[in-house]
Every structure is written in structure tokens, then in C-alpha cells.
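In: Quick one, what's the 3D model for this:
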Amino acid sequence: LQVVESGGGLVQPGGSLRLSCAASGFTLEYYAIGWFRQAPGKEREGVSCISSTGGSTNYADSVKGRFTISRDNAKNTAYLQLNSLKPEDTAIYYCAPVQATCVKPFRRLYEYDYWGQGTQVTVSS
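Out: Here you go, the predicted structure:
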């Protein structure tokens, strides 16, 4: 049972990336999904979450209007579209499922069921 994040990379300020979160061994549609990030020397922070049906989403104030979370339950995958990237968005990005609602403030890290290895996003000129 695992989630695998992908899609990270090196991008210039103002650029875009699309991150994917693929689930294996379980059915993602029964879970809300949270995206988190952790920059060097900082705590892991919530970025966005989406309900199991996709009908409810939440965003951190720092990314609202720039990032978009979505999911395709038929593909057992969730996504995070990152637009207008800034150097301060540089971090390892993680996704995690939780059998609960998508709320803000985001749920505590220990409430999430599985964690992947993350995908590195670097925003630099």
C-alpha cells in the first residue's frame, strides 16, 4: 500500500509544474488527499487538500490562486498544478491519503495513512 509522487523538477520563477500522486494497493476514491511540502530546515506544511469526491478543496493562503488540486478516481491518481511558481515554493512535495474530510486548518500529519517519498520542486533562475 503506497502512494508515489512524481512530476517535480527545476523550473524558473513564473513557471509551472504538474505533480501527480498515484496510489497502489488501495482505492483512492475512498480517501481525501492532502498535499504537503517541506523546505530545507523547515517543518512539513499543508499546501492543499481535496475531498474523496473532489467536491471540496482547501488551499494554504500562500498558494491560493496559483495552485490547483484535482483528482481522477478512475486513474487512482490525484494532481497538484503549480502555476506562477516562486523561489519560496522550493521544497519536497508529498501527498497523503486520509479517510476523513478535507478541512482547513489541515489535519495533523499523523492523521494521514500513507506517505510517499516525495518529489523535489526547485524554483530558481
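In: Look up how far residue 84 lies from residue 15.
Out: Taking C-beta to C-beta, to the nearest Å as the measure, residue 15 falls 8 Å from residue 84. C-beta here means a position set from N, CA and C on the backbone, and glycine is covered the same way.
In: I should have written residue 96 there, sorry.
Out: From residue 96 over to residue 84 (counting by C-beta to C-beta), the distance is 25 Å.
In: So for those two, which residue has more residues nearby?
Out: residue 96 (24 against 13; other C-beta atoms under 10 Å).
In: Tell me where the chain has strands.
Out: Applying DSSP state E to the chain gives strands spanning 2-6, 9-11, 17-24, 32-38, 45-50, 57-59, 67-72, 77-82, 91-98, 119-123.
In: if I pick the most centrally placed residue in the chain, what's in contact with it?
Out: Residue closest to the average C-alpha location in the chain (C-alpha atoms, centre = their mean): residue 35, at 2.4 Å. Contact analysis of residue 35 by C-beta atoms under 8 Å, 6 or more residues apart in numbering lists 19, 21, 46, 47, 48, 49, 69, 78, 80, 93, 94, 95.
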